[in-house]
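> Need a 3D model of the following:
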Amino acid sequence: MKRLFSARVLVPLLVAIVAIAIFVIRTRAPVDVETAQVDHGVVIDEVLGVGAVESDQEVRTAFTATGRLVELSVDEGDQVVIGQRLGTIDLAVSKQDVETARAGEVEAGAAIRRATADRNRARSALQSATRERVRTEGLHASGVLSRAELDAAIDRETLARDDLAARDAALAQTLAARQVAKHTTVSREARAADHLLTSPLDGLVVRRHVDPGDVVAAGTPVLTLAAANEMRIRAWVDETALARLTVGQAARVVFRSEPEREYAAFVTRVGRTVDRQTHELLVDLVLDDPPPSLSLGQRADVWIALARADDVLRVPRGFCDEAAATCTVVRDERAVVVPVGFGLFGRTHVEVREGLDTHDVVVRPLGPGQGLVGGRRVRSVGAS
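Purely as a prediction, here's the structure:
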């Protein structure tokens, strides 16, 4: 009985002793922490946008003549300069068009001659009908001819006058047709002389529409060019930043093809239409020094600087409890929770306006689940 009583007392006692020992060890053993020195520097509040490269000016180049494409000296992705030769065509088809236009001009001349002869005959007929009408009026007045014969003479004169008017209109029509034929000939001769395609701008070939050997008609797109000096980045930005977005703000651009490099840019336009599903708006940016390999549709991540504070007291993000406005610092190898006043929140740092100084070192626990309350001993195993 005595042994049973001893076991009942001893087991809970041992459990309590072990629990107390674990508690003492956990509360008194130093916590492994990462440290960061409070310093002075720049804090930039940025908003992230995701977009792609676009161009404000795209031009579809085309020949002014019809012919078979015999050469294209550039391809998609090539850089071009204004006046650069892009391609040539065989003008056999255009020369045939010129010959057809010239034949039409000759035919128009023949039609004018026919219309002139018809008008001259109609004029002679009118003169004859007029003389007959005058003679008939005299004979009718003397009683030799009847009124019916006089009316018939007047009708013949009227018909002759109408026929002359019709012949004059036909002649005018043929003269106009000859002018059209002349202009057509001149236009086709000019097109036939233009067998070269040159670049109208400095830019990039973004699309090729035809291949050598194809017959291209005048005005048919051959190449699509994008102006190099009109390249921009159009990025989608969350609408929560709308009130703080302005033209001229500085930005950083990182292309997916060069994730290790940043390019400077600035905002040129802020959209005023928010997508109803994503709640984002479009912001246009221009690079200060674009890379030579810049391509339309190239994806990019954009960080736009909404606000900037220079030479301010700051701590790295993630070391303080921003919601509770407190930081944990090391003093005499122990953690001390200090209330602070935050200022500008940046992507990498947050401004501290009160509560800390440059001699302070902020800490955060390394191990998952480790608590870091005031008074705990800490052991630095890493610095940020």
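> does the residue sitting nearest the centre point of the chain sit in a helix, a strand or a coil?
The centre of the chain sits closest to Glu54, judged by CA atoms, centre = their mean, with a distance of 3.4 Å. Per DSSP: H, G, I helix; E, B strand; the rest coil, the secondary structure class of Glu54 is strand.
> what's the spacing between it and Thr240?
To Thr240, Glu54 is 24 Å away according to CB to CB, to the nearest Å. For glycine as for every other residue, the C-beta is placed from the backbone atoms N, C-alpha and C.
> do the same with Ala325
22 Å.
> Settle it for me: which of these two has more neighbours?
For the pair Ala325 and Thr240, the greater number of neighbours falls to Ala325 (13 against 10), based on other CB atoms under 10 Å.
> quick one, what contacts Leu48?
By CB atoms under 8 Å, 6 or more residues apart in numbering, the residues touching Leu48 are Val237, Asp238, Asp301, Val302, Trp303.
> same question but for Asp39, I mixed them up
Asp39 touches Leu313, Arg314, Thr358, counting by CB under 8 Å, 6+ apart.
> Kindly recompute the last result at 10 Å.
Val312, Leu313, Arg314, Val315, Pro316, His349, Thr358, Asp360 (CB atoms under 10 Å, 6 or more residues apart in numbering).
> Let's see the pLDDT reported for the third one.
What the model reports as pLDDT for Arg314 is 94.
> Quick check: bridge partners of it?
Taking DSSP bridges as the rule, Arg314 bridges to Asp39, Glu351.
> ok, how many other residues are close to it?
24.
> now the first one
By the criterion of other CB under 10 Å, Val312 has 18 neighbours.
> what's the helix or strand for it?
Using DSSP states H and E, the element containing Val312 is strand 299-316.
> C-terminal to that strand, what's the next element?
By DSSP H and E, the next helix or strand past strand 299-316 is strand 320-321.
> In this structure Thr184 contacts Glu99, no?
No - contact criterion CB atoms under 10 Å: Thr184 and Glu99 do not qualify, at 11.9 Å.
> Helices of the chain, start to end?
Remark: helices assigned in the chain by DSSP state H are 2-28, 92-141, 147-193.
> could you flag which of the contacts of Asp39 are buried?
Neighbour counting by 16 or more other CB atoms under 10 Å classes Val312, Leu313, Arg314, Val315, Pro316, His349, Asp360 among the contacts of Asp39 as buried.
> on that earlier part again, tabulate the contacts of Leu48 (a markdown table), appending pLDDT, distance to Val38 and neighbour count.
Output for the contacts of Leu48, formatted as a markdown table (pLDDT from 0 to 100; distance: CB to CB, whole Å; neighbours: other CB atoms under 10 Å):
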| residue | pLDDT | distance to Val38 | neighbour count |
| --- | --- | --- | --- |
| Val237 | 95 | 32 | 23 |
| Asp238 | 94 | 31 | 14 |
| Asp301 | 95 | 30 | 17 |
| Val302 | 95 | 30 | 24 |
| Trp303 | 94 | 24 | 19 |
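> Would you mind checking which of the residues you listed is nearest to Leu159?
Distance to Leu159, by CB to CB, is smallest for Val237 among those, at 82.5 Å.
> Can you list the low-confidence ranges for the stretch 101-250 of the chain?
Residues of the stretch 101-250 of the chain that meet the criterion pLDDT under 70 lie in 189-194.
> Spit out the contact partners of Asp289.
Applying CB under 10 Å, 6+ apart to Asp289 gives the contacts Tyr263, Ala264, Ala265.
> repeat for Ala177
If you count contacts by CB under 10 Å, 6+ apart, then Ala177 has Gly104, Glu105, Glu107, Ala108, Gly109, Ala111, Ile112, Ala115 around it.
> okay if I get these as TSV plus distance to Arg207 and neighbour count?
Below are the contacts of Ala177 laid out as TSV (distance: CB to CB, whole Å; neighbours: other CB atoms under 10 Å):
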residue	distance to Arg207	neighbour count
Gly104	37	17
Glu105	39	19
Glu107	42	14
Ala108	42	19
Gly109	46	14
Ala111	46	18
Ile112	48	17
Ala115	51	20
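> In contact with the nearest residue to Val47 once chain neighbours are set aside, which residues?
Counting by CB to CB, 6 or more residues apart in numbering, Val47 lies nearest to Ala241, which is 4.2 Å off, once chain neighbours are set aside. By CB under 10 Å, 6+ apart, the residues touching Ala241 are Asp45, Glu46, Val47, Leu48, Gly49, Val270, Glu280, Leu281, Val283, Ile304, Leu306.
> likewise Pro259?
So Pro259 contacts Asp301 (CB under 10 Å, 6+ apart).
> cool, and the one 3 residues further on?
Glu262 makes contact with Ala251, Arg252, Val253, Val254, Phe255, Asp301, Trp303, according to CB under 10 Å, 6+ apart.
> which of those residues lies closest to Arg276?
Asp301 (23.9 Å).
> Just list whatever residues bridge to that closest one.
Val50, Val254.
> Buried residues, stretch 236-250. List them.
For stretch 236-250, burial by neighbour count (16+ other CB under 10 Å) applies to Trp236, Val237, Ala241, Leu242, Leu245, Gln249, Ala250.
> What's opposite the closest residue to Ile233 other than its chain neighbours in the beta bridge?
The shortest distance from Ile233 to any non-neighbouring residue, by CB to CB, 6+ apart, is to Leu285 (4.6 Å). Beta bridges link Leu285 to Ile233, Val267, judged by DSSP bridges.
> And Leu285, how close does it get to Asp238?
As judged by CB to CB, Leu285 and Asp238 stand 16 Å apart.
> how does the chain divide into domains?
Annotated domains of the chain cover 26-42+310-383, 47-55+228-307, 61-83+199-226, 93-193 [automatic domain parsing].
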